[in-house]
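J.: pasting the structure only:
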């Protein structure tokens, strides 16, 4: 058994003041970036390269809502940055910098904070950005981690969520549903009992450490009519991308990992997790018919697997069907942040 | 008596879903800004004007920590944006846009949300910026309002916190201590009983609706060697600006409003609130001796009252003295976000 991860509520040497916490654990994450001032100023600045637009998105995660209070600090840190970098990926943008707002229910231990900084370091090195600002507070509520990320796209090349047209093909990156199944495994050691240890670990890893599809940026900017990331569930986000257009989605075309395919074979009800489960952070990309070949080539060059889910059509509804054309009803459209329930 | 403000926990028609809340109350605050997409995309973009740097800062406020859960929604909204705009003011930056992350303990009523949007509208119109993104969540914790604001300065003109030199004069804008006294009045109707109703209302207003000193931007960029806003208390923030240099501060030079002066006359212990109380959101500005006259003229042109607190000196400590030169001891240096206590 690996040693238990440091807990927010564990014993250990607690960090007594804000300056110590920021300078010891967070300031090194600026990497000496110009404009971050070692986190010793009230604000930071970014000098945009000429000919770029800056892309901004902000998505906090809260203990008990978006992650388990018992998750390791490094995993939580990774996820806090990854969910924001994923939004940039969907816009064809390259991450530059982020601010971090931490609200703690109690002062963290040095061990927890060190683990948290390690997770941030791994994520920012992977995504290519640096910490430039933020603040810390104490809160009577749960641990909350607020990241605002800033990226760059060549001027006018921001890839919008709206913009898909009838006839455009919809591509999904990677594999779908791993994260929803990984959450089941993570929450319940007895879930999906027919999977191997490796399959369960793979799914859990996909839930805990999602990979923003930043590598696809150039392909998106060149060929996509619209894109978004799958954060709230395949069908809910597909409906958003479709923007009122329809698509007949053959369930067997949905790209599955070996582990998710095995889970579905063992337990057909898993199909609902695949259609409605959130947190995949794969991309859905609409591509005009004339650009499909070039897009697939560009994705291959970028090393990102993409799968054609079919064409949008103004004259049909959005529906999921079996290979023989029989419709699959689904009740669970996806996650709604606000009602805190799947709907 | 005015009607009671709508309460988060009051009765009334509650908003059942995220899209309704965002589209009804928040999307109008984008003012149709390019790049905000009516809050219907995953991210927003900003096209920086050539020759500008973008300035970023992020400071959430949490119910029970930074404001009272019973405060009106409009006041809370104003403050959430004002504390961030104040950081831009201290850097000589002009606000452009902000993202907003709302975490609700329960779905708000329409009345509360409408009042909140009114407060944001008033603040953003006053500060010259627009909403471009963010998100909403439910939380098991208290109401939390996270603003990240983005502003612009001419390239290379960001005014740093560090940079003051021995001999530079330190100026304070406006009047100091009103907010700390306003908080006392706001929290306790029996506090400062010798003040008039108007004086108490003035102080409370200064606490609830601070004014970021954005008008001073040009004067700062042209003449300041360093600046910051007074958020954690005059002496704590003065020590930050001084960066190890000393200053002999004559307590009678600290600019006071008529109401704060009356409070101090009635109750000399109020001096400690003036020296250590936070939330003033006035600026402290270091100005080299050769630029003092020009700075004062520029401030007058901008319509912002500034007061010379004396010169920084590498050979003396930072201390507060009476007019006759006797030192005033002060224990309470200012607010520490992290320990949640004055220190």
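T.: Okay, I see it. Predicted model only: the values in this text are computed from it and were never measured.

J.: For the stretch 101-250 of chain A, which segments count as helices?
T.: Residue ranges of the helices in the stretch 101-250 of chain A, as given by DSSP state H, counting those that start in this stretch, are A:110-127, A:178-187, A:197-208, A:217-223, A:234-242.

J.: Show me what counts as buried in the second one.
T.: The reference is to helix A:178-187. A:178-186 (16 or more other Cβ atoms under 10 Å in any protein chain shown). Glycine gets a C-beta too; all of them are placed from N, C-alpha and C.

J.: Just the angle for it relative to helix A:197-208, thanks.
T.: Using axes from the mean of the first three to the mean of the last three Cα atoms, to 10 degrees, the direction of helix A:178-187 lies 110 degrees away from that of helix A:197-208.

J.: So for helix A:178-187, mean pLDDT?
T.: Mean pLDDT, computed over helix A:178-187, is 97.

J.: now the longest one
T.: Per-residue pLDDT values over helix A:110-127 give a mean of 98.

J.: Would you map the strands across the stretch 1-150 of chain A?
T.: Using DSSP state E, counting those that start in this stretch, the strands of the stretch 1-150 of chain A run over A:44-46, A:52-58, A:61-62, A:94-104, A:130-138, A:144-154.

J.: so, in contact with chain B or not, the last one?
T.: Yes - looking at strand A:144-154 against chain B by Cβ under 8 Å from any Cβ of the partner chain, the contacts come from A:144, A:146, A:148, A:150-151, A:153.

J.: between these, which is nearest residue B:79?
T.: residue A:146 (17.3 Å; Cβ to Cβ).

J.: and the closest one, what are its bridge partners?
T.: Beta-bridge partners for residue A:146, by DSSP bridges, are residue A:101.

J.: Roughly how far does residue A:70 sit from residue A:76?
T.: 10 Å (Cβ to Cβ, to the nearest Å).

J.: and the residue of chain A found nearest chain B, what does it touch?
T.: Residue of chain A nearest chain B, by Cβ to the nearest Cβ: residue A:141 (1.7 Å). For residue A:141, the contact set (Cβ atoms under 8 Å, 6 or more residues apart in numbering or on different chains) comprises A:62, A:103, A:105, B:62, B:139-142, B:144.

J.: next one: residue A:184
T.: Applying Cβ under 8 Å, 6+ apart, we find residue A:184 in contact with A:191-192, A:273.

J.: Can you flag which of those residues belong to strands?
T.: With DSSP state E as the criterion, strands contain none of the contacts of residue A:184.

J.: which of the residues you listed tops the neighbour count?
T.: When the contacts of residue A:184 are compared by neighbour count (other Cβ atoms under 10 Å in any protein chain shown), residue A:273 ends up highest, at 25 neighbours.

J.: which one is that one nearest to, not counting chain neighbours?
T.: In space, and not counting its chain neighbours, residue A:273 is closest to residue A:180: 4.2 Å by Cβ to Cβ, 6 or more residues apart in numbering or on different chains.

J.: try residue A:162
T.: Closest to residue A:162 by Cβ to Cβ, 6+ apart is residue A:243, at 5.5 Å.

J.: what about the one you found, neighbour count?
T.: The number of residues packed around residue A:243, counting by other Cβ under 10 Å, is 15.

J.: Look up phi and psi at it.
T.: phi 50, psi 40 (degrees, to the nearest 10).

J.: Adding distance to residue B:308 and pLDDT, write the contacts of residue A:184 out as JSON lines.
T.: Formatted as JSON lines, those follow (distance: Cβ to Cβ, whole Å; pLDDT from 0 to 100):
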{"residue": "A:191", "distance to residue B:308": "69", "pLDDT": "94"}
{"residue": "A:192", "distance to residue B:308": "71", "pLDDT": "96"}
{"residue": "A:273", "distance to residue B:308": "67", "pLDDT": "93"}
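
J.: Low-confidence ranges, chain A, go.
T.: Applying pLDDT under 70 to chain A flags the ranges A:1-10, A:330-343.

J.: Give me the domain ranges for it.
T.: With domains defined by automatic domain parsing, chain A comprises A:18-154, A:169-335.

J.: and of those, who's closest to residue B:120?
T.: Across these, closest to residue B:120 is domain A:18-154 (Cβ to Cβ), at 15.5 Å.

J.: thinking again about what came up before, out of the strands of the stretch 1-150 of chain A, flag the one nearest residue B:296.
T.: Per Cβ to Cβ, nearest to residue B:296 of the strands of the stretch 1-150 of chain A: strand A:44-46, 26.8 Å.

J.: Relative to residue B:222, which of the helices of the stretch 101-250 of chain A is closest?
T.: Closest among these, using Cβ to Cβ: helix A:110-127, at 36.0 Å.

J.: residues contacting the nearest residue to residue A:294 once chain neighbours are set aside?
T.: Distances taken as Cβ to Cβ, 6+ apart place residue A:223 nearest to residue A:294, at 5.7 Å, with adjacent residues excluded. Contact analysis of residue A:223 by Cβ under 8 Å, 6+ apart lists A:287-288, A:291, A:294-295, A:298.

J.: Max pairwise distance over the residues you listed: which two?
T.: Of all pairs in these, the most separated under Cβ to Cβ is A:288 and A:298 at 13.8 Å.

J.: ok, those two, which is more surrounded?
T.: It is residue A:298, of residue A:288 and residue A:298, that has more neighbours when counted by other Cβ under 10 Å, with 19 against 15.

J.: And the next helix or strand past the helix or strand where that one lies?
T.: Here residue A:298, judged by DSSP states H and E, is contained in helix A:292-302. The helix or strand immediately downstream of helix A:292-302 is strand A:306-311, counting by DSSP H and E.

J.: packing partners for that following strand?
T.: Contacts defined by 3 or more Cβ pairs under 8 Å, 6 or more residues apart in numbering or on different chains; DSSP states H and E place strand A:306-311 against strand A:169-173, strand A:247-250, helix A:292-302.

J.: How about the contacts made by the residue nearest to residue A:182 when sequence neighbours are not counted?
T.: Leaving aside its chain neighbours, residue A:182 sits nearest to residue A:207 (3.0 Å; criterion: Cβ to Cβ, 6+ apart). By Cβ under 8 Å, 6+ apart, the contact list for residue A:207 reads A:178-183, A:185-186, A:279.

J.: Grab the two from those that are most spread out in space.
T.: Taking Cβ to Cβ, the two most distant members of those are A:185 and A:279; they sit 13.1 Å apart.

J.: Out of the contacts of residue A:207, which comes closest to residue B:262?
T.: Relative to residue B:262, the closest of the contacts of residue A:207 is residue A:279; by Cβ to Cβ it sits at 57.6 Å.

J.: ok, how many other residues are close to that closest one?
T.: Look at residue A:279: counted by other Cβ under 10 Å, it has 23 neighbours.

J.: can you check the one 10 residues further on too?
T.: By other Cβ under 10 Å, 11 other residues sit near residue A:289.

J.: dump the residue contacts of it.
T.: Neighbours of residue A:289 in contact, by Cβ under 8 Å, 6+ apart: A:167-169, A:311.

J.: if we go to 7 Å?
T.: Residues in contact with residue A:289 (Cβ atoms under 7 Å, 6 or more residues apart in numbering or on different chains) are A:167, A:169.

J.: what's the answer for residue A:47, then?
T.: Going by Cβ under 7 Å, 6+ apart, residue A:47 touches A:35, B:53, B:155.

J.: Residues in a beta bridge with the closest residue to residue A:12 other than its chain neighbours, which ones?
T.: Excluding its sequence neighbours, the residue lying closest to residue A:12 (Cβ to Cβ, 6+ apart) is residue A:109, at 3.5 Å. Beta bridges link residue A:109 to residue A:14, judged by DSSP bridges.

J.: on that earlier part again, residue B:29 is nearest to which of the helices and strands packed on strand A:306-311?
T.: Closest of these to residue B:29 is strand A:169-173, at 31.9 Å (criterion: Cβ to Cβ).

J.: Check which helices and strands that closest one sits against.
T.: Here strand A:169-173 touches strand A:283-287, strand A:306-311, going by 3 or more Cβ pairs under 7 Å, 6 or more residues apart in numbering or on different chains; DSSP states H and E.

J.: what residues does the longest one touch?
T.: The reference is to strand A:306-311. Counting by Cβ under 7 Å, 6+ apart, A:167-173, A:247-249, A:253, A:255, A:296, A:299 sit against strand A:306-311.
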